[in-house]
Each structure stands twice: as structure tokens, then as C-alpha cells.
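A.B. asks: How does the following fold in three dimensions:
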Amino acid sequence: MSQRQDAARRALALLDLTDLNDTSSDEAVRALCARACVPQRQVAAVCIWPQFVGVAHAALAATPIAVATVINFPTGEESLDDVLEATRKALAAGADEIDLVMPWRAHKAGDSRPAASIIKAVKALTGARLLKVILETGELANPALITSAARLAIDNGADFIKTSTGKTAISATPEAAFVMLQAILESGGHVGFKAAGGLRTLEQAQRYIDLADEILGRTWTTPAHVRLGASGLVSVLLAEIDGAETKAGEGY
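C.D. replies: Next up is the predicted model:
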């Protein structure tokens with residue numbers, strides 16, 4: 001196995017294969033799930049709009065692939081009641097993981113109470129199911145703000161902290177990932193990390209994997225602790241894996 005093939009396989013296993021397009025449909029979600037289930041090429045989860053959770057749950061029922069959905073997305077400005085109702089519906093439809101946008105604007109303005117309240121309340125609903133809290137690091141920008149948002153999410157029950165919605169001008173960056181991973185390390189390493197938004201190449205994916213390896217250790221960097229949220233990245237990773245396998249079979 002080549003070094004690039006090994007890297008692509010590792011990244012694929014961490015992938016939250018995502019379709020959050022405005023034009024998504026039942027058919028598109030079924031196709032996404034079929035792509036996620038390629039034998040020996042399975043991803044960690046699919047991430048889709050809440051209205052498609054039931055479709056994804058049915059399509060993936062016989063697989064270990066998790067169904068993730070987004071709540072308070074993408075603005076982070078829905079009311080607590082609306083957030084909780086949407087979460088209840090998603091869980092009832094079969095969601096295994098909730099990706100929640102924290103009220104980052106209030107946090108950026110110096111008021112951490114809305115984020116703390118929403119995170120704590122949603123975690124009370126998710127129970128053993130994963131809660132990934134989206135910090136929207138591109139908008140927070142300042143490392144100190146990103147650190148405080150990460151700590152706030154961790155302290156109020158996040159199972160993962162996630163960089164971005166992918167709907168802003170700046171999404172995941174290695175600089176934000178470094179700050180978040182340091183916060184995870186300082187909290188004891190029990191919380192996971194997800195990079196999302198703008199991941200399109202193996203090299204970009206590898207940068208986040210390398211950071212996780214360096215800060216928390218290679219044995220920590222598994223789907224239980226690290227995810228990569230992307231849509232088009234799967235094609236790149238599969239081409240890398242299949243291309244390397246074809247060359248090996250041809251004697252190269």
C-alpha cells in the first residue's frame with residue numbers, strides 16, 4: 001500500500017459525507033447513502049438536512065454508518081424552543097448525531113449565555129447520541145474567541161467541537177483547528193474534533209489529521225474522535241485509493 005493510498009483510506013474512514021445543498025432531495029440523499037456504503041470504502045457518517053433523516057436512516061439501517069443532521073443551521077439564531085423541537089424530530093426520525101450551530105454572534109459580542117443554554121438543553125435530548133457543536137470559527141476569527149467558544153461547548157456537554165457550517169466566507173482553517181485541538185487536550189481529550197468547509201483535496205484532509213496526531217496522538221485520531229465534513233472530497237479519496245490499487249495490480 002502506498003503512502004498516499006494509506007492516507008486516503010484513513011481520511012475516508014473519518015469522513016462525514018455531506019449534502020447540505022438547497023436543491024437536495026430524497027433521491028439525492030439515497031444516492032449519497034449508496035455512495036457512503038461502497039464495500040470496503042465506508043465513511044463514518046452521512047450529514048444531511050433534518051427533513052431527510054428518515055430517508056437516510058432507512059437507507060443505512062443495515063450498515064454501521066451514522067446519520068447526522070444539522071440544527072440551528074446555518075445562522076445559529078433560531079429560538080431555543082425551535083431548536084429543541086427540531087432536535088426532537090430529528091432524533092425521532094433516526095438521527096444518530098446532531099451538528100448544532102451555537103449562537104456564535106452572541107458569544108462574539110460577549111454574551112455566552114445563549115450558547116451555554118442551547119448546548120446544554122440539546123445535549124439533554126441527545127443523551128448517548130453524539131452532539132457536535134459548530135463554533136463557526138471563520139466568523140469568530142480571533143484565537144482567544146475560538147478558545148473560549150471551544151471551552152464553552154465542551155463545558156456544556158459537546159461530544160465534538162466542529163469548525164464551521166461551510167456557509168461562510170472562511171470555513172475550516174488549520175489555525176482554528178490547532179486552537180480547538182489544544183482546548184480538547186486541555187480538557188482531557190474526551191471530546192472529538194470535526195473540520196468542515198472547504199476540504200477538497202487529500203492534502204487538506206491530511207493537514208487536519210496530522211494536527212490531531214501531533215496534539216492528541218495517532219491512536220486518538222479515529223472516527224470516535226475526528227471527523228472531516230465534506231461532499232466532493234469522497235471522489236478524490238476514492239480515486240486515490242482505486243488508482244493506487246490499479247497501479248499495484250499492474251505491477252507499478
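A.B. asks: Could you list the low-pLDDT ranges of the stretch 101-250 of the chain?
C.D. replies: 244-250 (pLDDT under 70).
A.B. asks: In it, mark out all the helices, start to finish.
C.D. replies: 104-108, 113-126, 137-140, 143-155, 174-186, 202-216, 233-249 (DSSP state H, counting those that start in this stretch).
A.B. asks: tell me the most buried of those helices?
C.D. replies: helix 137-140 (a mean of 23; mean count of other Cβ atoms under 10 Å). C-beta: built from backbone N, CA, C; applies to glycine.
A.B. asks: which outside residues touch it?
C.D. replies: 104-105, 107-108, 146, 149, 163-164, 168-173, 176, 179-180, 197 (Cβ atoms under 8 Å, 6 or more residues apart in numbering).
A.B. asks: same thing but at 10 Å, please
C.D. replies: 76, 104-105, 107-108, 143, 145-150, 161-173, 175-177, 179-180, 195, 197-198 (Cβ atoms under 10 Å, 6 or more residues apart in numbering).
A.B. asks: Show me what stretch 32-39 is in contact with.
C.D. replies: 12, 15-19, 24, 41-48, 52, 55-60, 62-67, 231, 234-235, 238.
A.B. asks: 8 Å instead, please
C.D. replies: Against stretch 32-39 from outside (Cβ under 8 Å, 6+ apart): 17, 19, 42-43, 46, 48, 55-56, 59-60, 63, 65, 234, 238.
A.B. asks: Report how many residues lie close to Lys89.
C.D. replies: Using other Cβ atoms under 10 Å, Lys89 has 16 other residues around it.
A.B. asks: Was I right to think it contacts Pro50?
C.D. replies: Yes. Taking contacts as Cβ atoms under 8 Å, Lys89 lies within contact range of Pro50: 6.7 Å.
A.B. asks: model confidence over the helix or strand hosting Glu27, on average?
C.D. replies: Assigned by DSSP states H and E, Glu27 falls within helix 26-36. For helix 26-36, mean pLDDT rounds to 97.
A.B. asks: buried ones in that helix?
C.D. replies: 29, 32-33, 35-36 (16 or more other Cβ atoms under 10 Å).
A.B. asks: Just the C-alpha atoms of it, please, in CSV.
C.D. replies: Taking Å, rounded to 0.1, in the frame of the first residue of the first chain, the C-alpha atoms of helix 26-36 are listed here in CSV:
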residue,chain,number,x,y,z
ASP,A,26,-35.0,12.2,-1.3
GLU,A,27,-33.3,10.8,-4.4
ALA,A,28,-30.1,12.8,-3.8
VAL,A,29,-29.9,11.5,-0.2
ARG,A,30,-30.5,7.9,-1.3
ALA,A,31,-27.7,8.3,-3.8
LEU,A,32,-25.4,9.9,-1.1
CYS,A,33,-26.1,6.9,1.2
ALA,A,34,-25.4,4.4,-1.6
ARG,A,35,-22.0,6.2,-2.2
ALA,A,36,-21.3,6.0,1.5
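A.B. asks: Show me how far that helix is from its chain's centre.
C.D. replies: Distance, stretch centre to chain centre, for helix 26-36: 18 Å (Cα atoms, centre = their mean, to the nearest Å).
A.B. asks: swap in stretch 94-114?
C.D. replies: For stretch 94-114, the distance to the chain centre is 14 Å (Cα atoms, centre = their mean).
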